[in-house]
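Asker: Here is my input, please return the structure:
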Amino acid sequence: MSHPEKTALILVDVINSFFEPGHPNYYTGVEDVLEPMRKLRSVARDNNVVTVYAVERHRPEFNDFEWKKLPIHHLEDANDADFFADFRPEGKNETAVYKRRFSAFFATDLALFLHEQKVTRVIIAGVKTNVCIRATAQDAFANGFEPVIVREATNSNRPHLAEASLEDIDRYMGRVVSLAEGLEMLK
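Answerer: Got it, this is the predicted structure:
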C-alpha cells in the first residue's frame, strides 16, 4: 500500500555570512540560488507546506568542537549568523532549527519535528552543496526522509565538489531535480 508523499522545504544557511558581500563565507555566484529559493518558498507558502530555516548558530563564550577545524563564526546574536534579507520564518507553517554542525539534522530536533508533521520527503535548498546540503541530505536519508535537491537552488564555491555531491545524492540517497520539478512537488 503506498501513501502519498508529504513534503517539507528546508532552507539551509541562508544567513548573512554566505550572502552578504564582505563576509568570509561569501562567494561570487552565491546569489544565483536566491530567486529559485524564493520561488520554492512562495509555492510552499501558497500550499501550506512546512518550511524550516536551518541556520548555524554557536554559543559565545563556550568551547565548540568545530573551532578545531574552522575559525570562530556564526555566534548567537552576531550579524554573520542572522537570517539574510527576507529569508526568515514567517507565518504558521514556518520555523527555524539552529544547528552547530553541517547537517540540519545532527543534534537538533529536526527529524522528530518532521516525523511529528508526518513528512516523508524533504526538499533541501541553500548552501553549500558539498558541505551543509550534502550532510543534510545524508542525514535526511538516515532518518527515513527522501531528500530532494533542487539543482538551481544550491551551489558552492567548489563547483567540482558540488557536482560530485549532487551525483552521490542522486545515486545513493534521494533525487536531484529541476526547479520546475521541485515546485511541482510542493503543490
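Asker: Please count neighbours and contacts with C-alpha atoms only from this point.
Answerer: Fine.
Asker: the longest helix in the chain is where?
Answerer: helix 34-46 (DSSP state H).
Asker: Quick one: list the elements packing against that helix.
Answerer: strand 7-12, strand 146-155, helix 179-185 (3 or more Cα pairs under 8 Å, 6 or more residues apart in numbering; DSSP states H and E).
Asker: Throw the ones you listed into CSV and include distance to residue 101, mean pLDDT and mean neighbour count, thanks.
Answerer: Output for the helices and strands packed on helix 34-46, formatted as CSV (distance: least, Cα to Cα, whole Å; pLDDT from 0 to 100; neighbours: other Cα atoms under 10 Å):
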stretch, distance to residue 101, mean pLDDT, mean neighbour count
strand 7-12, 12, 98, 26
strand 146-155, 18, 98, 24
helix 179-185, 26, 98, 16
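Asker: between those, which one is nearest to residue 40?
Answerer: Closest of the helices and strands packed on helix 34-46 to residue 40 is helix 179-185, at 5.8 Å (criterion: Cα to Cα).
Asker: shaky segments in this structure?
Answerer: Counting by pLDDT under 70, the chain shows low-confidence ranges at 1-3.
Asker: rerun that using 80 as the cut-off
Answerer: For the chain, applying pLDDT under 80 flags the ranges 1-4.
Asker: For this structure, which segments are assigned as strands?
Answerer: 7-12, 51-56, 94-99, 121-127, 146-155, 175-177 (DSSP state E).
Asker: The longest helix of the chain relative to strand 51-56, how many degrees between them?
Answerer: With axes from the mean of the first three to the mean of the last three Cα atoms, to 10 degrees as the basis, helix 34-46 and strand 51-56 are set at 140 degrees to each other.
Asker: What residues sit buried inside helix 34-46?
Answerer: The neighbour-count criterion (16 or more other Cα atoms under 10 Å) identifies 34, 36-37, 39-41, 43-45 as the buried residues of helix 34-46.
Asker: Now do it against strand 121-127, angle only.
Answerer: 150 degrees.
Asker: Helix 34-46 vs strand 7-12, what angle?
Answerer: Using the same axes, to 10 degrees, helix 34-46 lies at 140 degrees relative to strand 7-12.
Asker: Let me have the strands of the chain in CSV, extended by distance to residue 113.
Answerer: Formatted as CSV, these follow (distance: least, Cα to Cα, whole Å):
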stretch, distance to residue 113
strand 7-12, 11
strand 51-56, 10
strand 94-99, 10
strand 121-127, 12
strand 146-155, 15
strand 175-177, 22
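Asker: I appreciate the help and will end here.
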